[in-house]
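>>> could you work out the structure for the sequence below:
(4 chains)
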4 protein chains.
Amino acid sequence: MSTRTPWGGRFSEAPDALVQRFTQSVSFDRRLAPFDIRQSIAHARMLGRTGILAQPDVDAIVRGLEQIGREVEAGTFAWSEALEDVHMNIEARLTELVGLAGARLHTARSRNDQVATSFRLWCKDAVRAVMAALDGLAVAILGQARSHVETLLPGYTHLQRAQPLRLAHHLLAWVEMLERDRGRFVDLLARVDECPLGSGALATTTHPIDREGVAHELGFSRPCRNSVDAVSSRDFALELLAACAIAMTNLSRIGEELVIWSSAEFGFVELSDAFATGSSIMPQKKNPDVPELVRGKTGRIVGDLVSLLVTVKGLPFAYDRDLQEDKEPVFDATDTLVACLGVLAGAIGSARFDAARMRAALEQGSVTATEAADYLVAKGVPFREAHAVVGALVARAVAQGTDLTALGAPVFRQAHPAFDDDVMSWLDPERAVERRDVLGGPARGRVLAALDEAEARLHERGDESSCTTSST
Amino acid sequence: MSTRTPWGGRFSEAPDALVQRFTQSVSFDRRLAPFDIRQSIAHARMLGRTGILAQPDVDAIVRGLEQIGREVEAGTFAWSEALEDVHMNIEARLTELVGLAGARLHTARSRNDQVATSFRLWCKDAVRAVMAALDGLAVAILGQARSHVETLLPGYTHLQRAQPLRLAHHLLAWVEMLERDRGRFVDLLARVDECPLGSGALATTTHPIDREGVAHELGFSRPCRNSVDAVSSRDFALELLAACAIAMTNLSRIGEELVIWSSAEFGFVELSDAFATGSSIMPQKKNPDVPELVRGKTGRIVGDLVSLLVTVKGLPFAYDRDLQEDKEPVFDATDTLVACLGVLAGAIGSARFDAARMRAALEQGSVTATEAADYLVAKGVPFREAHAVVGALVARAVAQGTDLTALGAPVFRQAHPAFDDDVMSWLDPERAVERRDVLGGPARGRVLAALDEAEARLHERGDESSCTTSST
Amino acid sequence: MSTRTPWGGRFSEAPDALVQRFTQSVSFDRRLAPFDIRQSIAHARMLGRTGILAQPDVDAIVRGLEQIGREVEAGTFAWSEALEDVHMNIEARLTELVGLAGARLHTARSRNDQVATSFRLWCKDAVRAVMAALDGLAVAILGQARSHVETLLPGYTHLQRAQPLRLAHHLLAWVEMLERDRGRFVDLLARVDECPLGSGALATTTHPIDREGVAHELGFSRPCRNSVDAVSSRDFALELLAACAIAMTNLSRIGEELVIWSSAEFGFVELSDAFATGSSIMPQKKNPDVPELVRGKTGRIVGDLVSLLVTVKGLPFAYDRDLQEDKEPVFDATDTLVACLGVLAGAIGSARFDAARMRAALEQGSVTATEAADYLVAKGVPFREAHAVVGALVARAVAQGTDLTALGAPVFRQAHPAFDDDVMSWLDPERAVERRDVLGGPARGRVLAALDEAEARLHERGDESSCTTSST
Amino acid sequence: MSTRTPWGGRFSEAPDALVQRFTQSVSFDRRLAPFDIRQSIAHARMLGRTGILAQPDVDAIVRGLEQIGREVEAGTFAWSEALEDVHMNIEARLTELVGLAGARLHTARSRNDQVATSFRLWCKDAVRAVMAALDGLAVAILGQARSHVETLLPGYTHLQRAQPLRLAHHLLAWVEMLERDRGRFVDLLARVDECPLGSGALATTTHPIDREGVAHELGFSRPCRNSVDAVSSRDFALELLAACAIAMTNLSRIGEELVIWSSAEFGFVELSDAFATGSSIMPQKKNPDVPELVRGKTGRIVGDLVSLLVTVKGLPFAYDRDLQEDKEPVFDATDTLVACLGVLAGAIGSARFDAARMRAALEQGSVTATEAADYLVAKGVPFREAHAVVGALVARAVAQGTDLTALGAPVFRQAHPAFDDDVMSWLDPERAVERRDVLGGPARGRVLAALDEAEARLHERGDESSCTTSST
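Next up, the predicted model:
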């Protein structure tokens, strides 16, 4: 009979070594140790408060767990795969340290509610780290945006020059994405923030426990409402993964732009040497590895999300062992996202945007063709007609290997009587941008207001989070 | 020169027929027609209000659009793939109906902001339909739960009988999942609920439009804050897909349970004949096709989510044509989810849960072994020791081909001196359930309270939604 | 009692209308009709041959099915959702046409083996269509490659100019990908090419059928070896989807290159007007919608693959209704892939690659820095040292806002004594390319040989396929 | 100037510490070390053979690499994240050991072709390990099948009892799946089995290298045909991941069946104690954790596949840093698949299938209803009519709470005149199975033949693989 496992009673044979290695989780869930210890301390105290355990036992348990916490932190804790998971490892050590009292800690608790509780505590921390990192990247982008209110560049659609923009306006689009990403994490936190502890294996316990007390001591908003759901459901983890995957997809677009803008052909941005790498074989190369890797790592986070969706699909209630596969994707996704946000903040904050190259790009490619059409519309020509007239002018310029503006006013007048001499100054990019003085548009005043608003939002949050930090 | 496309000016060759078929979207985006018409009416009125269009033009446009709305609804509208998408189809018809005024509707608007606006309007409607369907399923489950407070069954972990539960308690776990699913849709609605209109192709417009006015007339909470973001971002659609995928993964678990419970071996539930199907070859078969298909359709919704994540990955700003691929997965996912919720509500509402079969399952399999261990713990035996003692008793029962309870009190007493004669009645499932009188647990009082709370929540919501409906 | 369904005997209630709509598949599987008819004819003939059916019945069945085939082709067949699927629709019509004989067609067959057989027949056809379309794209690319042996461009890594290449060499890299894609379809065809017919619902039949005969008549290589596997397994469909997804991921890279190369900044390629589209608002725009959509549609095919992987995950044997979800993703993926291959062949075949722009790009960006390092290595300097020396020269050029080659020989000599005056001509891109005269390299002779080989391969295949076609 | 990186020449600033950690790959690619060393030895020898390096240098390099190989194997090699990846770590150590000669090893090679070569070598090994593990599981299943030719059970569709089968026949369906899985690995191996070495960064090299010689020395079938493709393409890795994901989806179905069959309600199988685990709280539990985890780990492999599909999507040629993300999913997927195959082989090989429980299940549920219908068909009744008659009999049995066979011959005769007294013996499951004497069917002779064939196939392969092993 196995004496090592916590469930050996009815078994006549020890687990196969292969099985032990296959079913263990301590190689990755040891990361939950600080949270497991926190919850065990709260659980023990509650058992004492409700008279389920005697106070001396509680004191011994808490003392033992605190020591284990120090051992884990110092890296001296001796993890054993034979003890399956983080929880059994800690319990075994606790019994070693405080004897019989340690064995009593498992009263009114099962591994099913225990693991769900530690995992949710971990996720709450991770969500806060992601939120801080999202804000960090937003701050870095806003810094560049503030410096580039006067920098004009062509906005692109289909990677074709479309209409002139302020760089600050373009960068504010990135900030908007991050803001929604943050909103998703705020919202999902409410669904993570429920305490499963006390749900037992699936049916709570026969002991008169105090679930609300433990939940609040652990910083949860409330206990989970149904014990079967509490130990079985992982949709909170799926939602966390989904929010990471969506945020990462957004980041991949920033990554793509930085890669394209770093090309010799665009030349809109140069990453600082500290945030780029070279080639082992081509001495001239300066590669945008950081944005490339950010873009590339989108795959792993989408993979993490799919991984858990597939795992959860079709599982009957309550707990199934398949759910042990819930932690690794969540660890990987949040680690990766936080790392990408941090490194991108550094790369963007230290990058040099090349206003001259951007401006030069504006002078070619008939970027202000829309202006010419709008000019006609302003004179009462229906838009579709104006579009056709200017389209023909563009075709003529392309055929001549030149640019719309280079055709000159006479050619314009010839194309349509509503064109007047002032059309050429009307096509000036700066004027084109300033004419777009609409809420959410690129005119200077609108961009400055948007910047102020975004900075205020971030600033307020920073205050909040430093308050939060100080009060913790 | 192409005269059919809205952008032919600079082109010397008409699109290849293959290209036309490849790039058209009207085969699926015609579904946006009612929303496109609504937005165009609001847009036209705003153009009138701000003096950009003359009132007679506005009146003609609105009249024309209303007629088109009726044609679409009646199915008499003549869709043309050559006109690319829903927007161009409607505009072409409008010009046919009201002449030059129709051509003026496109003033201060681009297809980029137009399509984003119609799509968001559609999504808002779809989200509300999903929320109603989630509530509909919750109501059906609660109905069964209310009828089965007294029905006991074995709760399962690892598909092994674990501990006794009330069926109502088990069903309430399903309701909890649906409640969180609903919360996700509530939360994401706030991010969908911003109006892109007025963002133009990417840089707003030179006309003095009133973005707030249009946004409010269309029922949006506010305009999007940044024009580049407004036409480029699809994270709102990704979030909607993610919420659908998570909800569907949850449903797949209900589906799996219904399939397993419908098996001859379990026999816990019998679907009504109206919600089951037979076999073309085996006359005895009654197949749980509905829960099977719900489970199976999880794949398509996860696929829809992955589809758009992959599409969006790595796209530079602003609009890229890739984004045309955003609508089909969203249509498919929300349609499928609503259908699954509806059919599952019908299947569950009309199913017959077999209390006798469930009770019989409780009598075997040593389901109350935990009780025996708890009995010892209550007498001061450390839990791990109690577990081992009872484990050995179970092993003995298994070896004898019988059940723990069949061993009888003397055998128990022999196994541990703390066992007394009252152990056998302690093992009664009903008493076992009632001892679990903990918040979120299966004891009668807890289950009744949870039922009351859930019903009140649904009831309140029903009131709200009927109010909402009447005021719309 | 339902009289419409093929399995109503034991049922007391007709299916709910919602259920009927939910479970029907005829809205999409009607596409299998020609294959269903073919298999039914083969099945009927076999039943005649083995004496299971009388010859007059067989004749009536075949006649009826042939008429149905004509009705389906002409679009006059009246499909009914109430009849669930394509198979029941056809059988119902057959009975209408030929009476009792029609009802006998189902002898020794179940819907489970019937649907698996029709689906495999469809897949075999689809695989051949994909293979032809892959070859079609390869031919279009090879055509451009043949025209651009003398066109030099910078090869890129990290989207940074790296080393000079011939355009033909770059295009041959695309062809290599397509060749491997084709190989995957060839290989999987062998696993699709087994006939499930005769497997019945899961356990074959009691009739003395001739499975080999039917398999060969239908053009399958052999019957499936195990009846349970034959009706349950869909890994052949998963493999088909995986091959589509991988091919599409490859195509997305070609799409990305075409989009980037179409930008004003690169200007390496101009799509023909017939394969590009414009903007409804910006008259100057010529958008690479075709490669964008190809890139974007990668999402839907990856989604299709994931969809079926999720659906199949965790299904017990044998047939489960979940498997009804197998067809739509396969239809969508193969349709999309074939369309993308076709439209891309047109776009590439008619595109104009701009040799002058490519050449100009070679003159800047220190693309031949590796050459300078290799120069030193050829003189015995260790590579790492040579790399460092040239790296410093590049840094100097960058600081001066110029290019490596513009520094001039004296500066080179100053940097390292091993540099001689001939270094400048050594850096000429054409010479750099010709020095790479290695198997698989860009030197003219290597590229011409590779072109010859690829063209011969395609040519041979074309002959084969026209032979195949003529013999069918 | 950075002196640590292999590309520092043009850089004025060392990489940020965050960047170094973010971009390093040595934490996971060190696993390629043995393959990197093998390729470097082959590369060095080729450089010697072609006169590019002097023989003493080659000898020093080979000696140094062999020592490094021993250090890696012994675990004494000092890995450094600052040196980025496995290749730079080994090169740095080599230079330490053998001086200047070490620095010359990089001649005519780039990290791009180097990493692609090591990765392909690793994949070839992994594929062979997967194939061996697939065969190992097939052997274990065949062992049980051989023992259970005489064991009858109900075959299921929709998890409803359908028709009687031999257990061996059911298990052979599992073997069929594994056989196709193996075929996929065989086929993809041909596409992995090409050598990128000599492709350089993307454009080969100016040195007169011998690509064929190196390829053959490393055991590759041939060199890659195009240098740009060779360093950029990862479809071989995608295909490997796809084959793993499909195989795993197949395994998940076996896992599901083992979980369901292990339930108390089915009771068809009992896993050995060595391949099951217990509950920390419920002493009676014996949980099928191994098949649950196999089923659950399907998620991670599908996630791995999606991960790389997303990463590769939309990457321009040639190498992009995103591709560094190719290795972890492949490592994880093949490790997981091999582990699952191994542990499942152990679990199935040591499981006890309960013939009595299976037989008992056959006696209930009207499993032989199809037989009754076939009986009528054999007497000339059209199948659809026979189905309806028996369906009504089943409905009657269900209403009486009994089974079809319990109705007795008179009731049958009453239902249809074609029923005779011998119908009851016709319904005997053993006779029903034997009547299905069709290729691929469950009759004893067919099953024995299929077993013989499968065993012979495995046996032959075992011989081959031992031959292969001995010759290596």
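
>>> against D:Ala418, how distant is A:Asp235?
Per Cβ to Cβ, to the nearest Å, A:Asp235 is found 56 Å from D:Ala418. For the C-beta atoms, the positions are set from N, CA and C on the backbone; glycine is no exception.

>>> give me the more crowded residue out of these two.
A:Asp235 (25 against 18; other Cβ atoms under 10 Å in any protein chain shown).

>>> so which strand or helix has the residue lying closest to that one once chain neighbours are set aside?
Distances taken as Cβ to Cβ, 6 or more residues apart in numbering or on different chains put B:Ile246 closest to A:Asp235, at 5.2 Å, once the chain neighbours are dropped. Per DSSP states H and E: B:Ile246 is located in helix B:235-262.

>>> ok, the helix or strand following that helix: who's next to it in the sheet?
Heading C-terminal from helix B:235-262, the first helix or strand you meet, by DSSP H and E, is strand B:269-270. Here strand B:269-270 has these sheet partners by DSSP bridges: strand B:352-353 (antiparallel).

>>> next SSE after the partner strand?
Using DSSP H and E, the helix or strand that follows strand B:352-353 towards the C-terminus is helix B:355-363.

>>> for the next helix or strand after that following helix, name the packing helices and strands.
The helix or strand immediately downstream of helix B:355-363 is helix B:369-378, counting by DSSP H and E. Packing partners of helix B:369-378 (3 or more Cβ pairs under 8 Å, 6 or more residues apart in numbering or on different chains; DSSP states H and E): helix B:383-399, helix B:423-426, helix B:429-435.

>>> can we see that at 10 Å?
Counting by 3 or more Cβ pairs under 10 Å, 6 or more residues apart in numbering or on different chains; DSSP states H and E, the packing neighbours recorded for helix B:369-378 are strand B:160-166, helix B:383-399, helix B:409-415, helix B:423-426, helix B:429-435.

>>> is it possible to get TSV of those that adds distance to chain D, mean pLDDT and mean neighbour count?
Shown next, in TSV, are these (distance: least, Cβ to the nearest Cβ, whole Å; pLDDT from 0 to 100; neighbours: other Cβ atoms under 10 Å in any protein chain shown):
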stretch	distance to chain D	mean pLDDT	mean neighbour count
strand B:160-166	5	95	28
helix B:383-399	4	86	21
helix B:409-415	11	91	15
helix B:423-426	14	88	15
helix B:429-435	12	94	19
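
>>> can you check which of these gets nearest to C:Leu240?
Shortest distance between C:Leu240 and the helices and strands packed on helix B:369-378, using Cβ to Cβ, is found for strand B:160-166: 37.7 Å.

>>> say whether chain A is contacted by that closest one.
Yes - against chain A, strand B:160-166 shows contacts by Cβ under 10 Å from any Cβ of the partner chain at B:160, B:162-166.

>>> now the element after the longest helix belonging to chain A, going C-ward?
In chain A, with assignment by DSSP state H, the single longest helix is helix A:111-147. Downstream of helix A:111-147, the next assigned helix or strand under DSSP H and E is strand A:152-157.

>>> okay, the angle between that following strand and helix A:355-363?
Note on geometry: by axes from the mean of the first three to the mean of the last three Cα atoms, to 10 degrees, strand A:152-157 and helix A:355-363 are set 60 degrees apart in direction.

>>> now strand A:152-157, how far from the centre of its chain.
Chain-centre distance of strand A:152-157: 27 Å, with Cα atoms, centre = their mean, to the nearest Å.

>>> one more: stretch A:101-109?
38 Å.

>>> circling back to that earlier point, which pLDDT value belongs to the residue nearest to A:Asp235?
pLDDT for B:Ile246: 98.

>>> quick one, domains of chain A?
In terms of domains, chain A is parsed into A:8-107, A:112-148+A:179-357, A:369-427 (source: automatic domain parsing).

>>> worst average pLDDT in those?
When the domains of chain A are compared by mean pLDDT, domain A:369-427 comes last with a mean of 87.

>>> how much space is there between A:Asp374 and chain D?
34 Å (Cβ to the nearest Cβ, to the nearest Å).

>>> lovely, talk soon.
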